[in-house]
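Engineer: coords below, sequence missing:
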């Protein structure tokens, strides 16, 4: 079986205004680069029962989002989370992409999947849009695995340079989900202390200082992999930001593009025994277009090479 890339042209119609770092060119850069890999399956988002959103977000918040999409121009949901008319379909297709990815893995249509989606999701809390995020795509994926496929142990690993406060918020009291994050700290959004452990010891934060380089990061990654092995996840979700790259303008980590291959490979090796290779990855951050495209390409290469 092959690795699938799940994406939609609607992501390009999610307009955020001139100069905004979370721009349509992000997905374009990634998909153009991935076309060089001839060993991929390309697929589109699926339809889904929108009630799944209520597992993740408050109903009032979902209603607010639905009513907020403008007929023209752009609108701010918070200081830096912007929507346009095309954002309505993009937000739904981002969620539909993770649903398609899971269904494809479960039905053995493909080995694993990378969802090249916008808007990202890991900052979106139960009742709040923030940090460019509207619906929490990875949180929806985890709930879908638990509700439809009866998984008892789902792990979400988030190597985005910014802490996924939204994902942590949603699963703080959920024993079936282990959320692990490596991130720059102290930094936006202010959460992510190693003292934040969840109500079931199911939150594992590895805060790292600005300037963290490859050697230092990979040493910290070992802590994540140890925690993952103890949890024995049945399914793994990468909440995959690439803004820890040294070239990224929004943070101060010093990882190289090739490091994302190594991070992915090591994480898969540590979890394959438990997941049997059941993995999806969902795009979060990454704002230097060249670094983003190359880092994502390397990440996907590791997914395609994974053997169980």
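Structural biologist: Great, that's in hand. All values reported here derive from a predicted model rather than from experimental measurement. Residues are numbered from 1 along each chain as shown.
Engineer: return the residues in contact with residue 158.
Structural biologist: For residue 158, the contact set (Cβ atoms under 8 Å, 6 or more residues apart in numbering) comprises 122, 138, 164, 167, 179-183, 238-239, 241, 284. Where you see a C-beta, it was placed from the backbone N, CA and C, and this is true even at glycine.
Engineer: among those, which lie within helices?
Structural biologist: 138, 167 (DSSP state H).
Engineer: can you tell me which of the contacts of residue 158 has the most neighbours?
Structural biologist: residue 164 (35 neighbours; other Cβ atoms under 10 Å).
Engineer: can you give me every residue that contacts that residue?
Structural biologist: 122-123, 138, 156, 158, 179, 181, 183, 239, 284.
Engineer: among the residues you listed, which two are most distant?
Structural biologist: 138 and 183 (14.8 Å; Cβ to Cβ).
Engineer: for residue 93, helix, strand, or coil?
Structural biologist: Following DSSP: H, G, I helix; E, B strand; the rest coil, the label given to residue 93 is helix.
Engineer: list the contacts for the most centrally placed residue in the chain?
Structural biologist: Nearest to the geometric centre of the chain sits residue 239, at 2.6 Å (Cα atoms, centre = their mean). Contact analysis of residue 239 by Cβ under 8 Å, 6+ apart lists 121-122, 138, 156-160, 164, 167, 282, 284.
Engineer: got CSV for the residues you listed, with pLDDT too?
Structural biologist: As requested, those are arranged in CSV below (pLDDT from 0 to 100):
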residue, pLDDT
121, 98
122, 99
138, 99
156, 99
157, 99
158, 99
159, 98
160, 99
164, 99
167, 99
282, 99
284, 99
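Engineer: and those residues, which is closest to residue 57?
Structural biologist: Among the contacts of residue 239, and counting by Cβ to Cβ, the member closest to residue 57 is residue 121, at 10.6 Å.
Engineer: next, count neighbours for the closest one.
Structural biologist: 30.
Engineer: that one against residue 132, yeah?
Structural biologist: No - between residue 121 and residue 132 there is no contact under Cβ atoms under 8 Å: 9.2 Å.
Engineer: now do the strands in the chain.
Structural biologist: For the chain, the strands defined by DSSP state E cover 3-7, 40-43, 75-76, 82-83, 112-116, 154-158, 177-184, 203-208, 235-240, 279-283.
Engineer: now those strands in CSV, with distance to residue 33?
Structural biologist: Rendered in CSV, the data for those read as follows (distance: least, Cβ to Cβ, whole Å):
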stretch, distance to residue 33
strand 3-7, 11
strand 40-43, 11
strand 75-76, 31
strand 82-83, 25
strand 112-116, 10
strand 154-158, 22
strand 177-184, 24
strand 203-208, 27
strand 235-240, 15
strand 279-283, 13
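Engineer: so who does residue 109 touch?
Structural biologist: Residue 109 sits next to 1, 4, 41, 103 when contact means Cβ under 8 Å, 6+ apart.
Engineer: from the chain's centre, how far out does stretch 209-224 sit?
Structural biologist: Put simply, stretch 209-224 sits 19 Å off its chain's centre (Cα atoms, centre = their mean, to the nearest Å).
Engineer: report the buried residues of that stretch.
Structural biologist: For stretch 209-224, burial by neighbour count (16 or more other Cβ atoms under 10 Å) applies to 212, 214, 217, 221, 224.
Engineer: check these and tell me the two furthest apart.
Structural biologist: Greatest spatial distance in the buried residues of stretch 209-224: 214 and 224, 15.3 Å, computed using Cβ to Cβ.
Engineer: fine by me, we can end here.
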